[in-house]
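Asker: From the sequence below, what's the structure:
(one chain, ligands or ions: 1)
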Amino acid sequence: MTVNPSTDFYRNPEMQFRGEIPSGRIGWRSPSNIALVKYWGKKPVQLPQNPSMSITLKNAYTETVAEYMPADERGMDVVFYFHGERNEQFEKKTKNFFESMQATFPFIGQLRFVIRSKNTFPHSAGIASSASGMSALALILCDLERKYFDTFPNEEEFFRKASYIARLGSGSASRSVYGGVSVWGETEGLPGTSDLYAFPVREDIHPDFLNYRDTILLVDKGQKKVSSRAGHELMNGHPFARQRFDQARKNLEILLNALKQGDLETFIRIIELEALTLHAMMMTSDPYYLLMKPGTLNIIERIFDFRENENIPVSFTLDAGPNVHLLYPVTYRDKVMPFIENELRTFLTDAGYIDDEVGRGPEKII
Ligand code: DP6
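Answerer: Below is the predicted model:
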């Protein structure tokens, strides 16, 4: 039998034969993250075309509690409640995900799950929840393994596997299992990095970046017209794909250096270049599409002006949508909050903004 490391790295058939798992409950709170160097383009199975780097957030998170019990003769099953209401879309997605995980966690087939999940960020805010949601589920599966099979020699192995599993659910979710700065994707000069799971960059980050602020400005509530999944696919055959993947590798190296040196100017240049390149890739795919809204551009222009006129190092990044992440060192908070209220508020939906900052990673709640 051939083993594909991308999906079978942790295959362990032993785990089904140790008797019946009793009923119980496990819960994790897992945060969202925002990429500074973007993952855009993938190869089978769920492997990135280039390494990406993100900061993990603190206040934007998913809380998921899974109740599990022995399955009846119908086998593995999932019932999913999102904010107290049965959600068929998440139910189907989670069931498919759990089914695809059976080679890695053979005990899944013995269980039935009732899952209750909620996000701290408004449902209609257009904020992707796959990173926090999928990482919470991955942590729950690994925690089940830890509880009943005691297979992890240490915490590091536990989180590495959780990152690997989260990646299979959603690429960006692999980075959410760590706090601070994470890199997903093999990176020259950064030992420990891999395409299979994310890696926490714990050493040498300049203190200015450890409590960086991210205010997520909510520009539009509408559902995205093109999913990230479809967007990644459009990078196959994209005329600028090769150059883009090379550029991301270089940008990651430069950004990592800037994070270590506390070099704000380079930090700003690279993250804004990454944000605009991501959207440039969308605008130059075939078919092309546009996720920025007029409010997005208005905000970006005001950020440029404010930075230049006030000499305050505010900067922005974007994910695959119209919302703007306004990033700045915490020491400028007293100047930045009035700027948001007075100059940017007018471009925001009634949901306003999510005031966030770099966080310390997931937490077990049950
Ligand atoms: C623009 O992780 O959502 O946010 O692996 O298909 O689930 P899938 O894609 P996803 O893509 C995220 C794209 C991005 C950039 C990033 O987070 O690196």
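Asker: Tell me the buried residues in stretch 310-326?
Answerer: For stretch 310-326, a neighbour-count test (16 or more other CB atoms under 10 Å) marks 312-326 as buried. Bear in mind the C-beta positions are built from the backbone N, C-alpha and C, glycine included.
Asker: Check stretch 245-255 too.
Answerer: Quick answer for stretch 245-255 (16+ other CB under 10 Å): F245, Q247, A248, R249, N251, L252, E253, I254, L255.
Asker: quick one: which of those residues is nearest to the ligand?
Answerer: Within those, the smallest distance to the ligand is 9.5 Å, found for A248 (CB to the nearest ligand atom).
Asker: residues touching the closest one, list them.
Answerer: V37, K38, W40, N50, P51, S52, E274 (CB atoms under 8 Å, 6 or more residues apart in numbering).
Asker: cool, and E20?
Answerer: By CB under 8 Å, 6+ apart, the contact set of E20 is P70, Q110.
Asker: Quick check: which element contains it?
Answerer: In this structure, E20 sits in neither a helix nor a strand according to DSSP states H and E.
Asker: and what of F267?
Answerer: helix 264-283.
Asker: Tell me the first helix or strand C-terminal of that helix.
Answerer: Next along the chain after helix 264-283, with elements defined by DSSP H and E, is helix 294-310.
Asker: Can you give the distance of that following helix from its chain's centre?
Answerer: 26 Å (CA atoms, centre = their mean, to the nearest Å).
Asker: again with stretch 82-102
Answerer: For stretch 82-102, the distance to the chain centre is 18 Å (CA atoms, centre = their mean).
Asker: May I see the buried residues of that stretch?
Answerer: F82, N87, F90, E91, K93, T94, K95, F97, F98, M101.
Asker: buried ones in the strand ranked longest in the chain?
Answerer: With secondary structure taken from DSSP state E, the chain has its longest strand at strand 52-70. Going by neighbour count (16+ other CB under 10 Å), the buried part of strand 52-70 is 52-58, 60-69.
Asker: Listing partners with orientation, what would you give for the helix or strand just after it?
Answerer: The helix or strand immediately downstream of strand 52-70 is strand 77-82, counting by DSSP H and E. Partners of strand 77-82 in the sheet, by DSSP bridges, are strand 85-86 (antiparallel), strand 111-119 (parallel).
Asker: Can you say which of those strands is packed in most?
Answerer: Mean neighbour count, computed with mean count of other CB atoms under 10 Å, is highest for strand 111-119 among the strands paired with strand 77-82, reaching a mean of 19.
Asker: model confidence over that strand, on average?
Answerer: Computed over strand 111-119, the mean pLDDT rounds to 97.
Asker: That one versus strand 52-70: what angle between them?
Answerer: With axes from the mean of the first three to the mean of the last three CA atoms, to 10 degrees defining the directions, strand 111-119 sits at 140 degrees from strand 52-70.
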